[in-house]
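Student: My questions concern the predicted model and sequence given below.
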Amino acid sequence: MEKIIVSIAKCEKIDDVHSQAIKKTVSESLDLIGGLETIICRGDAVLIKPNLVTARSYKSGAVTNPYVVEAVCELARDAGGRRIIIADGSAVGSRTDEAFLASGIRKVAEKTRAELVDLKKAETVPMSIPNGLKIKRIKIPRVVMEADIIINVPVMKTHDVFPATLGLKNMKGVLRENDKKRFHTWGLAQCIVDLNKLLLPSLTILDGTVGMEGLGPTRGDPVNLGLIISSFDTVAADTVAALVMGIEPEEIEYIKLASQQGLGCADLSQIEIRGRKIDEVRRPFKQVKLEEEEYTKKGIKIYERGACSGCRHVMERLIASLEERGKLYLLKPYTIMFGQTVTLPTTYEGKLIKFGSCTKKYRGKDDYIPGCPPHPEDVLAFFEKKYRLDKTLLPK
């Protein structure tokens, strides 16, 4: 059986002064897997999907390096692309136009004569996903559906729901804000996979020039990795990127599900890596991990049984983020229960909060935060609202 090809190319110089060095590295990475001519025909409309989650500089590791996007635009045009489109929609609560400006992507679009599209404002068309397990029908921007080629250019980052956000996850940026939040209600990992059944990129180029570790996808620390990882198989690209980050791919739920459902290859024995080897460039990214005794030391009361990585990650990131901002007091009046095998505790301190879809059957008169897993912004908003409305629960 022919192996799936993934390339790893190293770029030591990753800023605007060395943008030609970045272009050379991106070109090398693509040549190693067969070149853009493999997928682009003369006259094609090529849509480039970066990760512009919020208004930050690429040096933070939060957003795609604009010089990588510039290189992809130029190479796509050289390969015969007629219409080059850079398109994304920022995270819930963020403005895409501000992200375009802060990231440097607006300048790239002007320089390369590419169209720049805010997918939050774009016209949508209803699309069906007959083989979707959680989603059967969803509205997608017309410009995305009409593109001949989709080139996915995400950043290698840790995430507040999964151990990492990579290529498959990056496609969630095409959605309307309401659907981004609904994905958490319906089951985020499977929804990401269903979306990719409809919009699986033609090519994924993972931007590892500057990644992010710790409190990703926006509040973590930059990692100057200097890598470009490319493949026509997004699942395979994500698998290799995860291993470079020191994360087992099966720990990332959407990679595991995508592989099981035939979207690509997550079996390293069936992947041929060209260019640098994983062991040459592996650099474990710091993860936010809080064990039960650490929760207790911080005065946080958790009652968890059999929780999946989604709920655990949201809770871990919430605690770490609130501690960083001096707001742990928001959680201290409560006992938070979650997990697939959790049952109602016979005794608990403070007021009981049911967290995540697995606790829905116990919601009763107590507070309940829905989602699979709950959206991090919804969780924070919930506890901030509780604080405003019921300060009597706070420790004296």
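Tutor: That came in fine, so what should we check first? Residues are numbered from 1 along each chain as shown.
Student: where does the stretch 1-150 of the chain dip in pLDDT?
Tutor: 17 (pLDDT under 70).
Student: Would you map the helices across it?
Tutor: In the stretch 1-150 of the chain, the helices defined using DSSP state H, counting those that start in this stretch lie at 19-33, 66-78, 96-103, 105-112, 142-145.
Student: For the ones you listed, could you give me CSV that also reports distance to residue 319?
Tutor: For glycine as for every other residue, the C-beta is placed from the backbone atoms N, C-alpha and C. What follows is the helices of the stretch 1-150 of the chain, written out as CSV (distance: least, Cβ to Cβ, whole Å):
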stretch, distance to residue 319
helix 19-33, 37
helix 66-78, 33
helix 96-103, 27
helix 105-112, 33
helix 142-145, 36
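Student: So which of those helices is the most surrounded?
Tutor: When you average the neighbours per residue for each of the helices of the stretch 1-150 of the chain (mean count of other Cβ atoms under 10 Å), helix 66-78 leads with a mean of 24.
Student: Select the longest strand from the chain.
Tutor: Longest strand in the chain by number of residues, with DSSP state E as the criterion: strand 203-213.
Student: so after it, what's the next helix or strand?
Tutor: strand 221-223 (DSSP states H and E).
Student: neighbouring strands for that next one, and are they parallel or not?
Tutor: Note on strand 221-223: by DSSP bridges, its sheet partners are strand 203-213 (antiparallel).
Student: what's the angle from the strand it pairs with to helix 66-78?
Tutor: Angle of strand 203-213 versus helix 66-78, following axes from the mean of the first three to the mean of the last three Cα atoms, to 10 degrees, is 180 degrees.
Student: Convert the C-alpha atoms of strand 203-213 to PDB, please.
Tutor: Output of strand 203-213 as PDB, limited to C-alpha atoms (Å, rounded to 0.1, in the frame of the first residue of the first chain):
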ATOM      1  CA  LEU A 203      -3.700  20.700   1.200                       C
ATOM      2  CA  THR A 204      -2.700  21.500   4.800                       C
ATOM      3  CA  ILE A 205       0.400  23.600   5.500                       C
ATOM      4  CA  LEU A 206       1.000  23.700   9.300                       C
ATOM      5  CA  ASP A 207       2.700  26.900  10.300                       C
ATOM      6  CA  GLY A 208       5.300  26.000  13.000                       C
ATOM      7  CA  THR A 209       7.400  29.100  12.600                       C
ATOM      8  CA  VAL A 210       6.100  30.400  15.800                       C
ATOM      9  CA  GLY A 211       3.700  28.200  17.700                       C
ATOM     10  CA  MET A 212       2.000  28.500  21.100                       C
ATOM     11  CA  GLU A 213       2.200  26.400  24.300                       C
END
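Student: Residue 139: how many residues sit nearby?
Tutor: If you count neighbours by other Cβ atoms under 10 Å, residue 139 ends up with 14.
Student: residue contacts, it?
Tutor: By Cβ atoms under 8 Å, 6 or more residues apart in numbering, residue 139 lies in contact with 124, 125, 126, 127, 176, 179.
Student: Pull the most distant pair out of the residues you listed.
Tutor: Maximum pairwise distance in those, criterion Cβ to Cβ, is 13.6 Å, between 125 and 179.
Student: So for these two, which residue has more residues nearby?
Tutor: Shown here are residue 125 and residue 179; by other Cβ under 10 Å, residue 179 has more neighbours (18 against 12).
Student: start to end distance for stretch 366-383?
Tutor: Using Cα to Cα, to the nearest Å, one end of stretch 366-383 lies 14 Å from the other.
Student: ok now the longest strand of the chain, how far from the chain's centre?
Tutor: With Cα atoms, centre = their mean, to the nearest Å as the basis, strand 203-213 stands 11 Å off its chain's centre.
Student: got the angle for it vs helix 19-33?
Tutor: 130 degrees.
Student: among the helices of the stretch 1-150 of the chain, which is nearest residue 262?
Tutor: Residue 262 lies closest to helix 19-33 among these, at 20.5 Å (Cβ to Cβ).
Student: residues in contact with that closest one?
Tutor: 5-14, 36, 65, 67-68, 70-72, 74-75, 203, 205, 209, 228-232, 274-275.
Student: Selecting buried members of those in ChimeraX, what would you type?
Tutor: This is the ChimeraX syntax for the buried subset of the contacts of helix 19-33, where burial follows 16 or more other Cβ atoms under 10 Å:
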select :5,6,7,8,9,10,11,14,36,65,67,68,70,71,72,74,75,203,205,209,228,229,230,231,232,274,275
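Student: so who does the residue nearest the centre of the chain touch?
Tutor: Centroid-nearest residue in the chain: residue 165, 3.2 Å away (criterion: Cα atoms, centre = their mean). Residues counted as contacts of residue 165 (Cβ under 8 Å, 6+ apart) are 51, 154, 155, 157, 158, 159, 216, 217.
Student: give the contact list for the residue lying closest to residue 222 once chain neighbours are set aside.
Tutor: In this structure, residue 222 finds its nearest non-sequential neighbour in residue 61, 3.8 Å apart by Cβ to Cβ, 6 or more residues apart in numbering. If you count contacts by Cβ under 8 Å, 6+ apart, residue 61 has them with 155, 157, 210, 211, 212, 213, 216, 220, 221, 222, 223.
Student: And for residue 370?
Tutor: Contacts of residue 370 by Cβ under 8 Å, 6+ apart are 185, 356, 357, 360.
Student: ok so, going back, with respect to residue 238, which of the helices of the stretch 1-150 of the chain lies nearest?
Tutor: Of all the helices of the stretch 1-150 of the chain, helix 19-33 comes closest under Cβ to Cβ, at 14.8 Å.
Student: How about the contacts made by residue 116?
Tutor: 85, 86, 87, 100, 105, 106, 109.
Student: for those, which one is nearest residue 384?
Tutor: Nearest to residue 384 out of the contacts of residue 116 is residue 100 (Cβ to Cβ; 29.2 Å).
Student: Quick check: the residue lying closest to that closest one once chain neighbours are set aside vs residue 65, distance?
Tutor: Of all residues not flanking residue 100 in the chain, residue 106 sits nearest, at 4.4 Å (Cβ to Cβ, 6+ apart). Relative to residue 65, residue 106 is positioned 14 Å away (Cβ to Cβ, to the nearest Å).
Student: hang on, the earlier thing: the helices of the stretch 1-150 of the chain: which one's closest to residue 382?
Tutor: Across these, closest to residue 382 is helix 96-103 (Cβ to Cβ), at 25.9 Å.
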